[in-house]
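Asker: take a look and give me a structure for this.
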Amino acid sequence: AAGGRAFFVQVTGGLTIEDSAGGGKITNAGVSDSMKTLVQVNGGAFTLKGGTLENVTSGGTALFLNGNSTTIISGGTVENVAQGANAVYVNGGSFSMEGGSVKTSTTYSSKAAIYANSSAASIEISGGNIESATVGVYAAVTPVTVTGGAITAGAQAFQTRYATIPEDSTVTVESGGAVFYTFSGSDNKVYGGDFDAPAIVEEYTSEQPGTATIFGGTYTVSPMDYVDGGSAAASYTEAGKDGVFVVGTSDKIADKVSLAPTGSQIEVLQGDIDLSIAADGVTVINSGNGTVKVNNAEVTQDPLVTHTHHAVKIDAKEATATENGNIEYWYCADCGKYFSGEALTQEISLADTVIPATGEPGARDVYYKDASTGITLHADTRAVPEGTYLVAKPVTEAEQDYAAAKELLKDKAGKFVLYDITLVNAQG
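Answerer: Numbers count the residues shown, from 1 in each chain. Model (predicted):
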């Protein structure tokens, strides 16, 4: 390209650049410094679908938008490789990025991969890759909406006043500085996206500091100073990985951590959250003021570690005069817990399962007594027929049973009396 510009799109004009053969490039490499702009859209419409626009001149611009122009990048690359120059400069009109790449390698702090002047109408980013050695997107006044794509910045990802990242945004941001470099009165809002940065906000001025309000998203640094009071927030450390902070609705956070593997930790920092986690050995902490449940169990002051119960049903048993009974209950030997129902949602103590012995013979209880020896035996009439009586016959030392008992009791009793006790029915 030679002269002032490679392409100049007037108010009523339109230009689409494709790269059907592949490897196509429009560049001002090797030309005089008068070649400052490759494509200038001065009120018309421009679409980049393929190829590369490359600026190598200091102070130059690969793509310059002016007036009421409309520009869409769906493929290809817009790149600046010179110091103090621009990849995309939006002086007016609207800029939309659906795919492709915008790159700049300048290290000037006043430059950005996408730079919007105050007269620019809007910037919308739904896809593609933005790479910058300094700021990713600069817009002092222009509204910026980011629903997708990837932004990698050496400094701040955004130097904006009115940036909005919606709830369903899939954007990924990685920056060497803060996510936002804010102007005075900034009102940046984040509802979604993934952010890897050492800070959320760096204020451009402390006299009238701007800020950001976070309603959702995932972060590698704590965003709690900027989280809206109505949003839930938690830190999540998956086993074997670095921890992240998750902000959003309770349902979104619950969904994010539902597949947490054994050894993971979840700390709820804000909001009411009802978690359902299948794996055992996941630690859940509630350090906020909300109500937190995991698998129907409430997390209070003490951490709760998830556990899948393998409970066995214990049938109910009636108490007798001398023996305790028990209610129907379920018992998990793995954790030693007792539950009142099959759903295992209501934990009880072992004492709660006991039905105390009645202490007095009931209608079905009978005591049998041998008149000659005074030996008494308690039995249940359901097991012993009516008319049964007790016979107690002493076993003599000459009998074999006595010798066996003596051997068994040699360390326990020096003397003993052995009886052969028999229950005899009414027929003898």
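Asker: can you list contacts of stretch 219-235?
Answerer: Contact partners of stretch 219-235, identified using C-beta atoms under 8 Å, 6 or more residues apart in numbering, comprise 195-201, 211-217, 242-250, 253, 257, 265-273, 288, 290. (Each C-beta comes from the backbone N, C-alpha and C, glycine too.)
Asker: same deal with stretch 400-409?
Answerer: So stretch 400-409 is contacted by 395-397, 416, 418, 420 (C-beta under 8 Å, 6+ apart).
Asker: out of the residues you listed, which end up buried?
Answerer: For the contacts of stretch 400-409, a burial check counting by 16 or more other C-beta atoms under 10 Å picks out 395, 418.
Asker: in strands, which of the contacts of stretch 400-409 appear?
Answerer: Members of the contacts of stretch 400-409 lying in strands (criterion: DSSP state E): D420.
Asker: possible to save the contacts of stretch 400-409 as CSV with distance to A404 and pLDDT?
Answerer: Formatted as CSV, the contacts of stretch 400-409 follow (distance: C-beta to C-beta, whole Å; pLDDT from 0 to 100):
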residue, distance to A404, pLDDT
V395, 10, 83
T396, 13, 85
E397, 12, 84
F416, 12, 77
L418, 9, 81
D420, 13, 84
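Asker: just the contacts of stretch 400-409 now: which is nearest I151?
Answerer: F416 (91.4 Å; C-beta to C-beta).
Asker: before we move on, back to that, of the contacts of stretch 400-409, closest to V56?
Answerer: Using C-beta to C-beta, F416 comes nearest to V56 of those, at 110.9 Å.
Asker: measure that closest one to T376 for me?
Answerer: Distance, F416 to T376, by C-beta to C-beta, to the nearest Å: 18 Å.
Asker: now do Y89
Answerer: Relative to T376, Y89 is positioned 107 Å away (C-beta to C-beta).
Asker: same check on V257?
Answerer: For V257, the distance to T376 under the criterion C-beta to C-beta works out to 65 Å.
Asker: same drill for those two, tell me which one is more crowded.
Answerer: The neighbour comparison of V257 against T376 (other C-beta atoms under 10 Å) goes to V257, with 22 against 11.
Asker: wait, isn't that one in contact with F245?
Answerer: No. Using C-beta atoms under 8 Å, V257 makes no contact with F245, being 12.0 Å away.
Asker: among the contacts of stretch 400-409, which one sits closest to S58?
Answerer: Using C-beta to C-beta, F416 is the member of the contacts of stretch 400-409 that lies nearest S58, at 112.9 Å.
Asker: what separation do you get for the closest residue in space to the closest one that isn't next to it in sequence and A140?
Answerer: Once flanking residues are discounted, F416 sits nearest to L409: 5.8 Å by C-beta to C-beta, 6 or more residues apart in numbering. Noted for L409: a distance of 100 Å to A140, by C-beta to C-beta.
Asker: more neighbours: these two, which one.
Answerer: Per other C-beta under 10 Å, whichever of L409 and A140 has more neighbours is A140, with 16 against 13.
Asker: pretty sure the more buried one contacts S118?
Answerer: Yes. Using C-beta under 8 Å, A140 is in contact with S118, at 5.8 Å.
Asker: in the stretch 151-300 of the chain, where is pLDDT below threshold?
Answerer: Segments of the stretch 151-300 of the chain classed as low confidence (criterion: pLDDT under 70) are 205-210.
Asker: one more time with 80, if that's ok
Answerer: 204-210 (pLDDT under 80).
Asker: quick check: buried residues in stretch 314-324?
Answerer: Buried residues in stretch 314-324, defined by neighbour count with 16+ other C-beta under 10 Å: 319-320.
Asker: would you put the C-alpha positions of that stretch in CSV?
Answerer: Coordinates of each C-alpha in stretch 314-324 appear next as CSV, following Å, rounded to 0.1, in the frame of the first residue of the first chain:
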residue,chain,number,x,y,z
ILE,A,314,-33.1,-51.8,61.9
ASP,A,315,-36.6,-53.2,62.5
ALA,A,316,-38.6,-52.1,65.5
LYS,A,317,-38.6,-54.4,68.6
GLU,A,318,-41.0,-54.2,71.5
ALA,A,319,-39.7,-53.8,75.0
THR,A,320,-40.3,-56.5,77.6
ALA,A,321,-40.2,-56.3,81.4
THR,A,322,-36.5,-56.9,81.5
GLU,A,323,-35.2,-56.0,78.0
ASN,A,324,-35.2,-52.7,76.1
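Asker: how far off centre is that stretch?
Answerer: On the basis of C-alpha atoms, centre = their mean, to the nearest Å, stretch 314-324 is displaced by 47 Å from the centre of the chain it belongs to.
Asker: now do stretch 128-135
Answerer: For stretch 128-135, the distance to the chain centre is 28 Å (C-alpha atoms, centre = their mean).
Asker: how many neighbours does Q346 have?
Answerer: Q346: 12 surrounding residues under other C-beta under 10 Å.
Asker: isn't it right next to S340, touching?
Answerer: Yes. Checked against C-beta under 8 Å, the pair Q346 and S340 is within contact range at 4.7 Å.
Asker: what is the mean pLDDT for stretch 121-132?
Answerer: Mean per-residue pLDDT for stretch 121-132: 98.
Asker: please point out which parts of that stretch sit buried.
Answerer: Buried residues in stretch 121-132 (16+ other C-beta under 10 Å): 121-123, 125-132.
Asker: tell me which of these fall in helices.
Answerer: Nothing among the buried residues of stretch 121-132 maps onto helices, per DSSP state H.
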